[in-house]
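S.K.: Need the 3D shape of this:
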Amino acid sequence: MKKLLLTIIVVLIAVFLSLGGCSLIESRVARWTTDFNVSASDSRILYENGAEKLAHEIAQHLNNAIQVVESEQYGTYKEPVIVYAFASPETFAKFSGVSGKARGASVGNEIYLSGLMLKLPDEVYGMLAHELSHVQLSQTMGVITFNRSLPRWFREGLAIYVSDGGGAPRNFEKETVTMFVEGKYFLPEETGSLLNRSLQSTVPIGPRMFYSQSGMFVNYLANTYPQEFIFLLKGLQQGAQFKSHFRKTFNYTVEDMLEAYIDKLKDA
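M.R.: Here you go, the predicted structure:
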């Protein structure tokens with residue numbers, strides 16, 4: 001009986017740690033239900049009544065998004081991915097345990113897309129690929145290492161980068177550059193958090209700016225130092241700890257690299 005109870009506790013903790021909503025708020029354990037239909041075109045996609053169009057849109061992009069993430073992150077999925085399409089923000093929030101304002105979330109090998117995406121069909125690919133980025137790395141690194149090793153800015157920035165802007169605010173670059181230049185930016189943390197909660201790095205600027213800055217900074221690293229960025233990702237896929245591996249890769253701390261990026265923006 002004690003072993004069974006311990007097993008249940010471990011499973012619940014693992015779910016709690018791995019549940020990631022892209023709203024940068026505290027996540028809770030997902031709530032399960034069976035009120036889903038299986039997509040006729042792709043059995044990996046489950047949808048609520050009313051979310052048929054979203055399921056169809058997901059089916060158009062899922063294989064390509066998986067291939068892109070594996071290629072851009074230099075890693076593969078350890079388990080098949082399952083995607084849930086919701087008919088409303090309310091049912092999405094109830095099931096996933098994250099805010100109804102979020103457009104997507106993921107846990108383990110599962111991805112949840114909110115009914116909000118029904119009005120944003122052109123952004124389904126980006127949101128899907130964004131969550132697929134989180135899933136691939138968390139599967140490879142393990143849930144605890146993924147949370148503890150990777151700072152939130154890198155997790156989100158990488159997901160935005162590989163998804164070609166998925167999950168980032170649109171037409172926000174000018175304001176983002178201004179904030180960087182004025183010295184208002186996320187804390188350049190080098191580690192993550194065991195419990196997948198809001199981090200202090202978002203406090204000075206708010207979630208919307210945090211996403212935009214994270215995406216722009218990771219894009220800078222990837223495009224300015226392409227070989228080093230590949231080395232960084234391959235090392236993470238092989239089990240390297242982010243803090244030491246980042247310093248080994250660039251010979252500088254995250255803070256140093258961020259300052260160099262901001263100096264470049266000032267000179268532009």
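S.K.: quick one: the helices in the stretch 151-268 of the chain?
M.R.: Here the stretch 151-268 of the chain has its helices, by DSSP state H, counting those that start in this stretch, at 152-162, 173-181, 207-224, 226-237, 242-250, 254-267.
S.K.: So which of the ones you listed is nearest residue 123?
M.R.: Of all the helices of the stretch 151-268 of the chain, helix 152-162 sits nearest to residue 123, with 12.3 Å by CB to CB. In this view, the C-beta of every residue, glycine as well, is placed from N, C-alpha and C.
S.K.: pLDDT of that closest one, averaged?
M.R.: Averaging pLDDT along helix 152-162 gives 97.
S.K.: again, but for stretch 85-92
M.R.: pLDDT averaged over stretch 85-92 gives 96.
S.K.: Ends of it, what's the gap?
M.R.: The first residue of stretch 85-92 is 8 Å away from its last residue (CA to CA, to the nearest Å).
S.K.: Where does the prediction get shaky in the stretch 51-200 of the chain?
M.R.: Applying pLDDT under 70 to the stretch 51-200 of the chain flags the ranges 195-200.
S.K.: For residue 92, which residues are in contact?
M.R.: Counting by CB atoms under 8 Å, 6 or more residues apart in numbering, residue 92 makes contact with 86, 100, 102, 105, 112-116.
S.K.: Would you reformat those as TSV and include neighbour count and distance to residue 152?
M.R.: TSV is the format used below for these (neighbours: other CB atoms under 10 Å; distance: CB to CB, whole Å):
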residue	neighbour count	distance to residue 152
86	28	24
100	16	21
102	25	15
105	27	14
112	27	19
113	29	21
114	32	20
115	21	26
116	19	22
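S.K.: Which member of those residues is positioned nearest residue 168?
M.R.: Nearest to residue 168 among these, with distances taken as CB to CB, is residue 102, at 13.7 Å.
S.K.: Cheers, nothing more for now.
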